[in-house]
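J.: predicted model and sequence follow; I will ask about them next.
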Amino acid sequence: MNFLSILNIIILLALLSILYFMQKKHVSFSKRVFTGLGLGILFGVILQLFYEPTSEVITISNDWFGLIGNGYVKLLQMIVMPLVFISIISAFTRLKKSNNLGKISGLVIGTLLITTAIAAGIGIASSIGFDLKAIDINSGDAEALRGQQLEESLGQVQSTTIPQKVLGFLPANPFLDLTGARPTSTIAVVIFAAFIGVALLGIRRKNPEQAAFFQKMVEAVYTVIMRIVTLVLRLTPYGILALMAKTVAGSNLDAILKLGKFVMASYIALIAMFIVHLIILAVLGLSPKKYVKKVLPVLTFAFTSRTSAGTMPLNIDAQKSKLGVSESVANFAASFGVSIGQNGCAGIYPAMVAVMIAPTAGIDPLSPSFIATLIIVVMISSFGVAGVGGGATFATLIVLSTLNLPVALAGLLISVEPLIDMGRTALNVSGSMVSGVVTSKILGELDTDTYNSDEDLSSENKAS
């Protein structure tokens, strides 16, 4: 390790100590999160001024930055499956009516799919408005290699039929799915936990004593898991600082500038869809301003970490503690939102790429039939998209192959993938939280006092 890399690591540690000092002074969690974000960006920009993104100094520095940033993401991912599993079962123990299960699931999934369809429409409009065309993008060695990889992946996607995809949701081995081994593991764990919950409801009627004993066990485990969540969430500001510094320092600005038009179109579409989320809340009589203020720390982490699954603990906590969503709905919305109806990765992005590539196959992207077909395909393909890096690529492969469009051309966007994925992930998480709020509001279970309150009752603040 060279001297300059050691110096960068020392500077990062000094910046982290600022956050620790703020924590000791009981500065609010939100302020520490945004301070970490700002310091990370500033440090990354400074490193960009002195070093090339591919230089040895940045490579070594980022490797050490990742120890903190990626280490935090792994800790969050560590608790995702246990949290999903015990949260769903715990939700059943609090469920008064068994028929509420169908209503909750239907409303959550319905909201996710409808917003994904709207997101696809916005993505189509953005691509057409900016006149994005794949033929206008220059292809280098990296893009050609990425295109070849996508074509190789296409074979696996095309060989999986719709019935096989549906079967993929079922937990043949729930213990394997608890490890997160498959893209659909989260939904599989939800289904397995739901079976246990339904069984509990049946036992409660026939043998209330055993049901009560099991419920006490579930509550004890749930309390322990939530304590672990609280401990991990304490590290959020530090993780965001390290992740942001690593991302900015390692970004290839020249490549980003070459595809600046696509980046701009993408972020305009993402912002427009986020505004749609706020409009939905306003129609329900809820304050969009309150929503933004309360979920911004969660979206900030999603933006920097690029993992919807890793953001789940913050997602669930924000829905329950800040937005007033009932516990059962929050657990279902966050769990389904990881693999179904992701507004950014499975909605906007595949639609934009399809519109860009369509002219190369002799298809008019302005054709009403093409647009209608594309939106429907995007909605259907949004099932089973993994809430980790690569989910958008998987969804795009399905959409392009279904429409008989060349998938290799999607590789032209490889240089800006990380930058766009940050915004996509934040939108995915927002869509998940909105589905929880909408479902709770329709079912009459939303605690509007908590939603409108200025008091922060979240776990991360309790842990401070």
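T.: All right, it came through fine.

J.: roughly how far apart are Asn173 and Leu132?
T.: Per CB to CB, to the nearest Å, Asn173 is found 43 Å from Leu132. The way it works is simple: take the backbone N, C-alpha and C, and place the C-beta from them, glycine included.

J.: which one's more surrounded, the two?
T.: Each of Asn173 and Leu132 has its neighbours counted (other CB atoms under 10 Å); Leu132 has more, 21 against 12.

J.: the more buried one is in contact with Met356, isn't it?
T.: Yes. Using CB atoms under 8 Å, Leu132 is in contact with Met356, at 4.7 Å.

J.: intersection of neighbour lists for these two?
T.: Taking CB atoms under 8 Å, 6 or more residues apart in numbering as the contact rule, Leu132 and Met356 both touch Phe262.

J.: so where is the stretch 51-200 of the chain shaky, pLDDT-wise?
T.: Across the stretch 51-200 of the chain, residues meeting the criterion (pLDDT under 70) sit at 95-99, 136-162, 183.

J.: what about Gly66, how many residues close to it?
T.: 15.

J.: so Leu259 sits right up against Leu413, yeah?
T.: Yes. Leu259 is within contact range of Leu413, at 6.7 Å (criterion: CB under 8 Å).

J.: helix or strand next in line after whichever strand or helix holds Lys289, which one?
T.: Lys289 is located in helix 288-305, with elements delineated by DSSP states H and E. Counting by DSSP H and E, the element after helix 288-305 in chain order, helix or strand, is helix 312-321.

J.: and the angle from the longest helix seen in the chain to helix 288-305?
T.: Ranked by number of residues, the top helix in the chain under DSSP state H is helix 56-93. When axes from the mean of the first three to the mean of the last three CA atoms, to 10 degrees is applied, the directions of helix 56-93 and helix 288-305 differ by 130 degrees.

J.: give the other helices and strands that the helix or strand just after helix 56-93 contacts.
T.: Using DSSP H and E, the helix or strand that follows helix 56-93 in sequence is helix 100-129. Helix 100-129 sits against helix 185-206, helix 260-283, helix 327-339, helix 349-357, helix 368-381, helix 417-442, with contacts defined as 3 or more CB pairs under 8 Å, 6 or more residues apart in numbering; DSSP states H and E.

J.: between helix 417-442 and helix 100-129, find me the angle.
T.: Using the same axes, to 10 degrees: helix 100-129 against helix 417-442 is 140 degrees.

J.: can you offset everything so residue one is 27?
T.: Okay, residue one is now 27; in that scheme the one you just asked about reads as helix 126-155.

J.: tell me which residues in helix 126-155 are buried?
T.: 126-127, 130-131, 133-135, 137-139, 141-154 (16 or more other CB atoms under 10 Å).

J.: quick one: which of the helices and strands packed on helix 126-155 is nearest Ser113?
T.: If you check each of the helices and strands packed on helix 126-155 against Ser113 by CB to CB, helix 353-365 wins as the nearest, at 4.0 Å.

J.: which elements pack onto the closest one?
T.: Contact partners of helix 353-365 among helices and strands, from 3+ CB pairs under 8 Å, 6+ apart: helix 82-119, helix 126-155, helix 211-232, helix 338-347, helix 443-468.

J.: rebuild those as CSV, extending it with distance to Ala387.
T.: Listed next are the helices and strands packed on helix 353-365 as CSV, based on distance: least, CB to CB, whole Å:
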stretch, distance to Ala387
helix 82-119, 38
helix 126-155, 15
helix 211-232, 33
helix 338-347, 38
helix 443-468, 23
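
J.: Asn454 contacts Ile366, correct?
T.: No. Counting by CB under 8 Å, Asn454 sits too far from Ile366 to count as a contact (10.5 Å).

J.: between the two, tell me which one has more neighbours.
T.: Asn454 (32 against 24).

J.: for the more buried one, what are its contacts?
T.: Contacts of Asn454 (CB under 8 Å, 6+ apart): 328, 334, 363, 368-371, 413.

J.: also Gly373?
T.: Taking CB under 8 Å, 6+ apart, one finds 141-146, 149, 299, 367, 404, 408 in contact with Gly373.

J.: what about 10 Å?
T.: 138-139, 141-149, 295-296, 299, 367, 401, 404-405, 407-408, 411, 418, 421, 450, 453-454, 457 (CB atoms under 10 Å, 6 or more residues apart in numbering).

J.: and Ala214, by the same measure?
T.: Neighbours of Ala214 in contact, by CB under 10 Å, 6+ apart: 194-200, 202-204, 206-208, 365.

J.: quick check: phi and psi at Asp473.
T.: Backbone torsions for Asp473, taken as degrees, to the nearest 10, come to phi -90, psi 90.

J.: distance of it from Leu349?
T.: Taking CB to CB, one finds Asp473 at 8 Å from Leu349.

J.: need the overlap of contacts for these two.
T.: Common neighbours of Asp473 and Leu349 (CB under 10 Å, 6+ apart) are Ser466.

J.: elements contacting the helix holding Lys315?
T.: In terms of contacts (3 or more CB pairs under 10 Å, 6 or more residues apart in numbering; DSSP states H and E), helix 314-331 is packed against helix 55-76, helix 82-119, helix 262-275, helix 286-309, helix 338-347, helix 443-468, helix 474-478.

J.: go again using 7 Å as the cut-off
T.: The helices and strands touching helix 314-331, judged by 3 or more CB pairs under 7 Å, 6 or more residues apart in numbering; DSSP states H and E, are helix 55-76, helix 262-275, helix 286-309, helix 338-347, helix 443-468.

J.: in TSV, list the ones you listed along with mean pLDDT.
T.: Shown next, in TSV, are the helices and strands packed on helix 314-331 (pLDDT from 0 to 100):
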stretch	mean pLDDT
helix 55-76	89
helix 262-275	89
helix 286-309	94
helix 338-347	89
helix 443-468	91
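
J.: check contacts around the residue nearest the centre of the chain.
T.: When the chain is reduced to its mean C-alpha position, the closest residue under CA atoms, centre = their mean turns out to be Ser334, at 2.3 Å. Applying CB atoms under 7 Å, 6 or more residues apart in numbering to Ser334 gives the contacts 328, 363-364, 368, 413, 451, 454-455.

J.: perfect, I'm done here.
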